[in-house]
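In: quick one, structure for this:
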Amino acid sequence: MSEAQPDQTHDQHAVRRQKLAELRAAGADPFRASFTPTHSSAQALRAHGAGQDYAVPVAVAGRLVTIRDMGKSQFVKVLDQDGQIQLYLKRDVVGEEAYAGFKRLDLGDIIGAQGTLFTTKSGEITVKVDRFVLLAKALRPLPEKWHGLSDPEQVYRQRYLDVIVNAESRARLLLRSRIVSHIRRFLEDRRFLELETPVLESTPGGAAARPFKTHHNALGADFFLRIATELRLKRMLVGGFDRVFEIGRIFRNEGVSRKHNPEFTMLEVYEAYSDFRGMMRLVRELLESLVREVVRPAEGNLRLRHAPSGQDIDFGVPWREARYKDLIREATGDADWFTRAKAEKIAGAERLGLGISPAWEEFEITNEIFSKRIEPTLIQPTFVTHLPRELCPLAKLSLDDPSTIDVFELIIGGMEVAPAYSEQNDPDVQREMFERQAGEERQNIDQDFLLALEHGMPPAGGMGIGIDRLCILLTGAESIRDVILFPQLRPGGG
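Out: Numbering: from 1, shown residues only. All right, here's what the predicted structure looks like:
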């Protein structure tokens, strides 16, 4: 950023403040309480395009983003939630005084306008304005047109500016909203009930993660921001709610990366009398419908471009299913990997270029190979099944191999999108698994959940989908920050 830009911004701020003072001195209200549009920009464009009379009256409102001064007339564009629409103001239509007032407006000002639709000689549908009103005076200028927000941190701190000047960012975040809405409709159409569970928990559970801690003054006790919604939702399976889901904020006090944010959105869904294979069918139907109806509604296929790999991801072909152990044996070139001693596994992982801590458990060494050498190569939709039992204490043990569990991880674009389980409903086995995971920290076991299981929970399939990661995949974003409106940043900086 050049040194001249802050001074220029300051000068524009001063000029706009002066215009504000003049408006107020003239008795004008530069910050109106309301205005009633009859059409959004998209609705107005459709109204004219539907073959209706060009003189159909409309009232639109939005932010001035383009101004072309033609002397006795003005062509401007305003931006609303749906997009942009062009307005045409002519001095002898709106009157001398109003026209002079319009010429005093600035880019960024928010206006309302009434008029009729017509098509210009260049073929653009436009509102011929009869009257307009200033609704909100912008005292700060928009970012410079061609360079936008040059500071990446400013993009996230001032997202409201980013979505004004960056059409790609605006489209991506609007698409995220449509994706979430579609997920809700999809599940509700299949008789799933949306529930809301507490964000504050006395015992964090449902995942292995470091929680955020807070203090409840009225109760005089420490609480934790939830790291999952799983144990609350499964209590409702006990209560007889057979198909439940929640789309909620999750908090994990851990690292930040291209795929990780400490606050994120998770879909968790549970279906009584199903299992992990039932979840396979559900997630495939969900993603196919998202691509077909939301992301690519006009394309006629189920393919998305995956820029990092240069491949097209095809959701319409049969999805691969592969066992975790088979993928490890293939990656290490060692058919006897799972019977090797720990020292041999460390040496094998190091031959693959991985740094291994001698303090790690054997399953952690193996999973490092999966995370670093296998997962990034799985671009097409792949169900990785039958993971080691140590990776999740909440799943059913596999009948054919008790060292594994009946789960899958859905990997697409080299990234985990959805894990799913055949849920453990034996309270004694569940207690044993919790105790093994907790070790010395037995106080972290959710005893009330175990009590609920003792009342009987039906067999069930459960699944979690990281909404932010899903949006990275479906929108082609480079980072999780690009699909979250306001990602966490260090304090300060604006």
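In: so who does the closest residue to residue 372 other than its chain neighbours touch?
Out: Nearest non-adjacent residue to residue 372, counting by CB to CB, 6 or more residues apart in numbering: residue 354, 5.8 Å away. Quick note: C-beta positions are derived from backbone N, CA and C, even for glycine. Residue 354 makes contact with 368, 369, 372, 373, according to CB atoms under 8 Å, 6 or more residues apart in numbering.
In: same question for residue 257.
Out: Applying CB under 8 Å, 6+ apart, we find residue 257 in contact with residue 480.
In: before we move on, the earlier item: among the contacts of residue 354, which ones are in helices?
Out: Per DSSP state H, helices hold the following members of the contacts of residue 354: 368, 369.
In: adding neighbour count, distance to residue 262 and pLDDT, write the contacts of residue 354 out as TSV.
Out: Shown next, in TSV, are the contacts of residue 354 (neighbours: other CB atoms under 10 Å; distance: CB to CB, whole Å; pLDDT from 0 to 100):
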residue	neighbour count	distance to residue 262	pLDDT
368	18	22	96
369	21	27	97
372	15	22	96
373	17	27	97
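In: for residue 14, helix, strand, or coil?
Out: helix (DSSP: H, G, I helix; E, B strand; the rest coil).
In: tell me how many other residues crowd it.
Out: Neighbourhood size, residue 14 [other CB atoms under 10 Å]: 10.
In: same check, this time on residue 220
Out: Each residue near residue 220 was counted by other CB under 10 Å, and the total is 7.
In: how about residue 419, secondary structure?
Out: Per three-state DSSP, the secondary structure class of residue 419 is strand.
In: residue numbering should commence at 4 henceforth.
Out: With the count now opening at 4, the last piece we talked about shows up as residue 422.
In: please name the nearest non-neighbouring residue to it.
Out: residue 412 (4.9 Å).
In: what's the one you found sitting at in phi/psi?
Out: phi -110, psi 120 (degrees, to the nearest 10).
In: show me the contacts for it.
Out: Residue 412 touches 386, 387, 390, 419, 421, 422, counting by CB under 8 Å, 6+ apart.
In: closest to residue 99 among the residues you listed?
Out: residue 421 (63.3 Å; CB to CB).
In: for the closest one, give its distance to residue 312.
Out: Applying CB to CB, to the nearest Å, the value for residue 421 to residue 312 is 19 Å.
In: who has more neighbours, the two?
Out: Counted by other CB under 10 Å, residue 421 and residue 312 do not tie: residue 421 has more neighbours, with 24 against 14.
In: now do the contacts for the more buried one.
Out: Contacts for residue 421 (CB under 8 Å, 6+ apart) come out as 286, 412, 413, 466, 467, 468, 469.
In: next one: phi and psi at the fifth one?
Out: Reported as degrees, to the nearest 10, the phi and psi values for residue 467 are phi -120, psi 140.
In: doesn't residue 230 make contact with it?
Out: No: using CB atoms under 8 Å, residue 467 is not in contact with residue 230, being 11.4 Å away.
In: rewinding a little: closest to residue 258 out of the contacts of residue 412?
Out: Taking the contacts of residue 412 together and measuring to residue 258 by CB to CB, the closest member is residue 419, at 15.6 Å.
In: break the protein into its domains for me.
Out: What automatic domain parsing lists as the domains of the chain is 7-145, 168-322+383-486.
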